[in-house]
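> got a predicted structure plus its sequence, pasted below:
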Amino acid sequence: MKLHELTIRETHELLSSRKISSEELTRDYLERIQRLDPQVKSYVTVSEDVALEQAQKADECLKSGEGLTPLTGIPYSAKDSISTRGVNTTCSSKILENYKPFYDATAIKKLNSANSVLLGKNNMDEFGMGSSTENSGFFTTRNPWNFDHVPGGSSGGSAATVAAGLAPFALGEDTGGSVRMPASFCGVTGLKTTYGRVSRYGLIPLVSSFDTIGPMARSAYDVALVLEAIAGHDPKDSTSRVESVQSYSESLKKTENLRGLRIGIPKEYFVEGLDKEVEASVRTAIKQIEGLGADVVEVSLPHTQYAIPVYYLILFAEASSNLAKYDGVRFGLSERTGDLMDVYLKTREAGFGAEAKRRIMLGTFALSAGYYDAYYLKAQKVRALIRQDFQKAFETCDALITPVAPTTAFRIGEKISNPLDMYLSDVFVVAVNLAGIPALSVPCGISNGLPIGMQIIGPHLSEETLLRIGYLYQSQTDWHTKHPPCW
Amino acid sequence: MQLTYEPIIGLEVHAELLTKSKMFCGCEVVDSITAKPNRYICPVCTGQPGALPVLNQKAVELAVRVGLALECQIHVESIFARKNYFYPDLPKGYQISQYDQPLATDGKLLIETESGIKKIRIRRVHLEEDTGKLSHANAHSFIDYNRSGVPLLEIVTEPDLRAPDEAKAYAAKLHAILRYLDVNSGDMEKGVIRFEANVSVREAGTEKLNNRTEIKNLNSFRSLAQGIEYEIARQSEIYSRGGIVEQETLGFNEATGKTYSQRGKEEAHDYRYFPEPDLPPLVLDSDWIESIRMTLLELPDAKTKRFISDFNLNPSDARFLTSELSLANYFERVAAKSKSSAKIVHSWIAGEFMRYVNESGIDIADITLSPESFAQLIDMVTYKTIGGNAGKTVLVELLQNGGDPAQIVKEKGLTQVSDESFIQEAVTKVLNDNPSEVEKYLAGKETLLQWFVGQVARATKGKADPNVTRELLVKGLVERKK
Amino acid sequence: MSSEIRVDEKLVQEIASLARLDLTEDETRVFVSQFKDILDYVSILNEVDTENVSPAYLSSSSKNAPREDVIEVSVPTEEFLANAPESKDDYVLIPRVHIEQ
Ligand SMILES: [Zn+2]
C-alpha cells in the first residue's frame, strides 16, 4: 500500500507506532505534488521548507510521545485565503501576489500546535468569487477525474488536492457552497461548518457573515478528526461560538445505526434542471440511509427559489467593503505612477479580475444611498424567511438530504462567459450559508466518470449528527474510496 | 436696508477615550505625537486581510458614563456599522462606527449665555475608531498607524446653537465634563478633542432651512469660534448678494482664520453604511448601566450649586473653583482643614496658588503641598501669626520645596509682631528719615501712606502687623501736621 | 426594483468612481448589460412580502463579548513594513495626498 492511499486514521497508526516518520511521509507527498500537480494545478504555493521543518518537529514529538494528537505529523494543505505566517497567502489574486502575512489564522495556529505539516496553499477562485476556480488570478485547477472539467469552486484547489492524493486533508472555506460544491465535483468528503464553529480570525473574508472554514478529506471520519482539531471558541473572533467542542471521532466509533433519526427531503431541491443521474444517485443514497434505521419524510422549504438572489445581493455588498483595503498602500500589488488616486485606480485595475470588479461594482451600487432599502435591506429580510424555513423543517427533522449540485462537474469554459449562469449552479448550496447552519457533502455516485455528491444539512451545531450519517453511509458504501484515473 | 442673518449651528465633538488599549485590538494607546511611528500596531489596526475586531469593554463603559452624564437614553442594544470610504489613513477601507442604532441618544447639556441658561439638545453619543495619522513632505505623504483604532466618542448636538460664543461655551462645558468623568485627557493641543461645526444662516425671524456647510479640523476653542464666525459672515455675504450657499465640507486654516473648500478631495459623501458583520450587536445589561450611574461623580453644575450653598461663595467664585475637577477637589480639601472662611481659602487658591500653577505649568493633580499644610498657612495669616506678604513667600516656598509652614516661618523669622512699642520705634525712625515724603503727604498726597507702610515693613523685616503700622503712621503724621 | 432604475453608462461610471475602479469604455458597456441582467434577476425578491419581517443580519445568535482593556504585545515594525510597497523612517510612504488651502 502506498502512503498517499492511506486515510488519516491509518497514517496516524503508522506514525505513532513509528513504522514511518513524518519526514518520510512529507517527502512522499512533496514528490507526488512535484510529479502530478503540474497537470492538476491544485497548489498556488508549495511550502517545502516549512513542511520539512514542521515534519522534523512532528517527528520529535512522535518520538517523545508528548502532546501527540491524531494529526501529529500529518501533512495538509490550506485554501489560499487562510493566512499563513511567512507563507504566501494570495486568495489567488494578483493584488496579493507576493503577500506574506505576519500572523497565522487561528485554524492554522491550532494545526501548528497539533504538529501537522503544511504542504502548501491551494488555488481558488479569486477571493472565493466563483464556482469553478476559473476566476483564479493565476490559473484554472483541473478536475482530477477529467482534466477537461472544472473541480468546482471556490475551494477547487483544495478538493482537487485531496481527490488526487496530493494531501490527506485540506482546509477549505465555504461562503456559498465553496467547500461542498468542489467536494462533490471531485468525489471527496467536505464539511461546511456551523457559522462561528471554527474561528474566522486570519481567514481573508469574502462575505464576513457567511464565511466558514471547513475540512475536506477522504472520509467522514477523517473530517471529524480535523474538525475537532480546528473548532472552538476564539476570543479574537467576536462571531465565534462559545459552546464546547465535542469529540466527534470518538462518538463516530460508538455509532451503529441511525435509528430514531428523522431525515427530511426538501421537495424544492428535486425539481426541473436536476440531472437525472444525479437525482437517481441521491435517491439511492437516501434509501440506503433509510436502511440504516432513519425515518425519511418529505419537507418543504418554500423560500428556496429566493436563496440565490438574496445570497448574491448580500455577497456583493459585503464583498465590496471587504475588498476596499486592497488599495496599494500597505501591502500587495501597488502601481506607483502618478498621484494617490492613480495608485488606487491602477492598482485595483491591474490587481482584480473581471468577476471581482463586477461584484465590487454591484455591491457598491446595492449599498449606495437610494438603493440600500430596495436591495440590501430587502435581501436581509428575505434571508430571515429562508432561515425560518429551516427552523420549521428542523422542528420535525434531525437532518435534510439534498443533492449538492444539479449536475456533475461542468466543462472548463462552459459557463465562464455568462456570470448569471455560473451563479445559478449554486442553487442547492447557498441557502445553508444564509442560515449559518452546517452541511456535509458526501460522495454518492459516479456519472460518466465524474463524481456525484449528496448534501446532508442539519441545524446549528449539529456537526456530530451529520458526521454520524456520513460515517455510517460510508461504512455501507465505497464511493468515497474510489479514485480518479490520475491517482 | 441691511438684512440680519441668524446662524444655526450644530456641533460634532470627537473625543479620544482614556483606555489603555485600542478600541478593537490589544495595542497600547500612546501619545501619537511623541511615539515612534508604527510601533503600536497589529493585524487588526493595520487592516491586515483576515484580522477581526474585538470590542474593548472599557471603551463601552466610558461611553456609557458620558451618555449618562449628558442625560441621554442609553440603548441596551446598539449596533456597529461600517462607514465606507477610501483614505490612506483608514487601513480597512472602512471605519467601524455606529450609525442608525447608536449607544445613546436624546440628551442635553445646559450652557450659560448672555441671555441666561440655555439647553442644548444632544442628538447622539456613539463609539467609533480613530484613523492613522498623515504627515507630508515634498512629494510624499507619510502614514503612521499608531493612532489607528484608538477609541473615539462622537457627541453630536441638535442645531441648537445660535452664536460662535454659544458654541465655544458648549465646547468648554463638554470639555470640563469629559475631564470630570475621567474619560478624556483634555489635552487639546494633542488633538484628543476635535470639533466639527455645521453652520447655516437664515434671515432673522424666518424658519427657513438653508444649505449648511460642515467645517472640519477645528482643534481648539479659539479655532471653533473663529471658524464659525468666519463662516457666518461668508454665508451672510453670499445671501445678501442674492447668492446661494453650497452644501459642502470645509477645512479651516488656523493661520488665516478662514475656512476653505475641500471640494475635489472627496466626491459627494456616500458612505454606504451597513451593519458590521464582524461584530454582533452590543447588548448591555441594564443593571450594569445602573451600576455605572451609581459611580458617576458630581458634575460641574451640581458642584457649583453645592459650593454656593455650602461654602457661601458667590457664583463666579464657585464656577471658577469647579471648572476643573482637580481644582475643586483641592479647594474642598484645604477648606475642610482650614479654620478660615471658604472665601478666604478661595482667594488664596485663586490668587497666589493659581499664579504658581499657571507659571510653572504644573498639573494641580501633581501638587505635592498637602491641603493640611496649606490650610495651616492660611490660618497663620488669618489669625495674624504672620503677615500677608510673608504668607505668600511661605506658600511659594512650600509649593516649590515642600516643608512645614510653621518651621519655615520660624526659620525665616517671619512671625508677625503687633507689639506697639516695637513698631512705634520703626515708625518714628521712618518718619524722621524721610522729611520730604512727610511734607508731601501733609500737603495732600495721601497715597504715600502705603509707601510708609512698606518702609516700616522693610525696617522690621516684614514682622510688623500692617494694620498696627498703618494706625501708628497715621497718628504720627497727624502729630507732625500740628 | 430594477424597473425604476436606469442602468446606463453614467450610473456605472459613478459607481466605479465610488469603488475606485477605473473602467475602460468596453468594460463600462459590458457592465451596463450585465448589471441590467443581474438586477432584473434579483428583482424576483419583489414577489416576497416582507412587510412585517425584520432583517436577519447575523448568522449566529451570539451577543457581542467584549474583551478586557488589556495591552497586548504589538507586532515589530519591520514585519509590518516588510509588505509595504514603499516605506521610509518607519513610515508607510505614498504619493503626496493633495491638500487644498
Ligand atoms: Zn492593533
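The structure has been received and is ready for your questions.

> in chain C, which spans are helices?
If you assign secondary structure with DSSP state H, the helices in chain C sit at C:9-18, C:25-42, C:77-81.

> residue contacts, residue 55?
Assuming you mean chain A. A:Ala55 sits next to A:Ser21, A:Ser22, A:Glu23, A:Leu25, A:Thr26, A:Gly73, A:Pro75, A:Val117 when contact means Cβ atoms under 8 Å, 6 or more residues apart in numbering or on different chains. All C-beta atoms are positioned from the backbone trio N, CA, C, and that covers glycine.

> ah, no, chain C please
C:Pro55 sits next to A:Leu377, A:Gln380, A:Lys381, A:Arg383, A:Ala384 when contact means Cβ under 8 Å, 6+ apart.

> need the contact list for the residue nearest the centre of chain C.
Taking Cα atoms, centre = their mean, the centroid of chain C lies closest to C:Ala19, which sits 6.5 Å from it. By Cβ under 8 Å, 6+ apart, C:Ala19 lies in contact with A:Ser320, A:Ile360, A:Met361, A:Thr364.

> for the nearest residue to the second one once chain neighbours are set aside, which residues are in contact?
Put plainly, it is A:Ile360. Nearest non-adjacent residue to A:Ile360, counting by Cβ to Cβ, 6 or more residues apart in numbering or on different chains: A:Ser320, 4.6 Å away. Contacts of A:Ser320 were listed using Cβ under 8 Å, 6+ apart, and they are A:Arg359, A:Ile360, A:Met361, A:Leu362, A:Gly363, A:Thr364, A:Ala366, A:Leu367, B:Asn84, B:Arg272, C:Ala19.

> now, among the contacts of A:Ala55, which is nearest to A:Leu424?
Nearest to A:Leu424 among the contacts of A:Ala55 is A:Pro75, at 36.4 Å by Cβ to Cβ.

> burial check on the one residue in the stretch 151-300 of chain A that gets nearest to chain C, number of neighbours?
At 3.9 Å from chain C, A:Tyr195 is the closest residue in the stretch 151-300 of chain A, using Cβ to the nearest Cβ. Counted with other Cβ atoms under 10 Å in any protein chain shown, residues neighbouring A:Tyr195 total 26.

> and it, that's in a helix?
No - looking at A:Tyr195 with DSSP: H, G, I helix; E, B strand; the rest coil, it is coil, so not inside a helix.

> can you pull the residues of the stretch 151-300 of chain A lying near chain C?
A:Thr194, A:Tyr195, A:Gly196, A:Ser209, A:Phe210, A:Pro235, A:Ser238, A:Thr239, A:Ser240, A:Arg241, A:Val242 (Cβ under 8 Å from any Cβ of the partner chain).

> just the buried members of these?
A:Thr194, A:Tyr195, A:Gly196, A:Ser209, A:Phe210, A:Ser238, A:Thr239, A:Ser240, A:Arg241 (16 or more other Cβ atoms under 10 Å in any protein chain shown).

> from the contacts of C:Ala19, which two are the most distant?
Put simply, by Cβ to Cβ the two of these set farthest apart are A:Ser320 and A:Met361, 7.7 Å from each other.
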